[in-house]
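S.K.: based on what follows, work out the 3D shape:
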Amino acid sequence: MTRTHLSLPPVGLGTMGIDNPGVIETALEYGYRHLDTAQIYGNEAVVGDGLSQSSVPRADVTVATKVWADSLAPDDVHRTTAESLDRLGLEFVDLLYVHRPIEAYDPEETLPAFETLCDAGTIGGIGVSNFSREELETVHSVLDTPIAAHQVEYHPLFQPDELLAHAREHGYPLVAYSPLANGQARQVDALVDIAEDHETTAEAVCLAWLLAKDGVVTIPKSSSADHLRANLEAQDLELSPAECERIDTIDRTKELFPE
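M.R.: Down below sits the predicted model:
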């Protein structure tokens, strides 16, 4: 079951804060095929319940979760992953992330524990989240298994170009979280102007801009049916090269979720 790289849908569902399994079931009904949760979100059971209630086959859905920073010692990785699977009601997850390389994280100890889970078929791929380029190079030096994905904050107000370059260089997807800048997209003149030209929303422009970048997929969070649909429909919005360049040059200083 070990995978070198994952093929992720362009738009998945970030589930932080979702506490209703019906939202998960609805998202799957609309066409979402990538569900992203985490131990620290406290809603793995909600995600698992929504998945089990859906008519979409489990094999068609990429399920990802993350081990929090206080559980990254090897024994804790194995223990908490088993607990995550129990809450999710699954035999394996497609992708397991190191949530942040802080606290109990030790690359020489943590990463081999993830690799053991991958070799056993408990997880389909090893992901990392919120890593620097230097930390990514350390991962490559420790792991025999390639990184399956790197999840980072990425939106027009925070553009980690060096991390995208690393992802492209090594052939894994960069998973953009908080792609709508936590609601701040509507306050950015460039995004509003482009949205008006396309008779759409600034949020749709954010997603279309990200999806125009080779190697980037995104996981916007939403609980409302209208927004779930709108986020998927943003895949059909095509921005011109000039519009993408205008967004690329927006001042990039607003990291919303620093360590």
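
S.K.: so which residue is smack in the middle of this structure?
M.R.: Closest residue to the average C-alpha location of the chain: residue 175 at 4.3 Å, with C-alpha atoms, centre = their mean.

S.K.: pLDDT wise, what is that residue at?
M.R.: At residue 175, the pLDDT value in this model is 98.

S.K.: now it, nearest residue through space, not along the chain?
M.R.: For residue 175, ignoring the flanking residues on the chain, the nearest one in space by C-beta to C-beta, 6 or more residues apart in numbering is residue 151 at 4.1 Å. All C-beta atoms are positioned from the backbone trio N, CA, C, and that covers glycine.

S.K.: all helices of the stretch 51-200 of the chain, in order?
M.R.: 74-88, 107-119, 133-142, 161-170, 189-198 (DSSP state H, counting those that start in this stretch).

S.K.: quick check: angle from the first one to helix 107-119?
M.R.: For helix 74-88 against helix 107-119, the angle between stretch directions is 40 degrees (axes from the mean of the first three to the mean of the last three C-alpha atoms, to 10 degrees).

S.K.: list the buried residues for helix 74-88?
M.R.: 74, 76-78, 80-81, 84-85, 87-88 (16 or more other C-beta atoms under 10 Å).

S.K.: which element is residue 213 on?
M.R.: Using DSSP states H and E, residue 213 sits in no helix or strand.

S.K.: wait, it touches residue 167, no?
M.R.: No - look at residue 213 against residue 167 with C-beta atoms under 8 Å: they stay out of range, at 10.1 Å.

S.K.: so between those two, which is more surrounded?
M.R.: For residue 213 versus residue 167, neighbours defined as other C-beta atoms under 10 Å are more numerous around residue 167 (22 against 18).

S.K.: how many residues are close by the closest residue in space to the more buried one that isn't next to it in sequence?
M.R.: Closest residue in space to residue 167, ignoring its immediate chain neighbours: residue 174 at 4.2 Å, by C-beta to C-beta, 6+ apart. Residue 174 has 24 neighbouring residues, counting by other C-beta under 10 Å.

S.K.: what about residue 174, distance to residue 240?
M.R.: The gap separating residue 174 from residue 240 is 23 Å, by C-beta to C-beta, to the nearest Å.

S.K.: same check on residue 181?
M.R.: Distance from residue 181 to residue 240, by C-beta to C-beta: 21 Å.

S.K.: which stretches of the stretch 151-259 of the chain have low pLDDT?
M.R.: When residues are selected by pLDDT under 70, those of the stretch 151-259 of the chain lie in 252-259.
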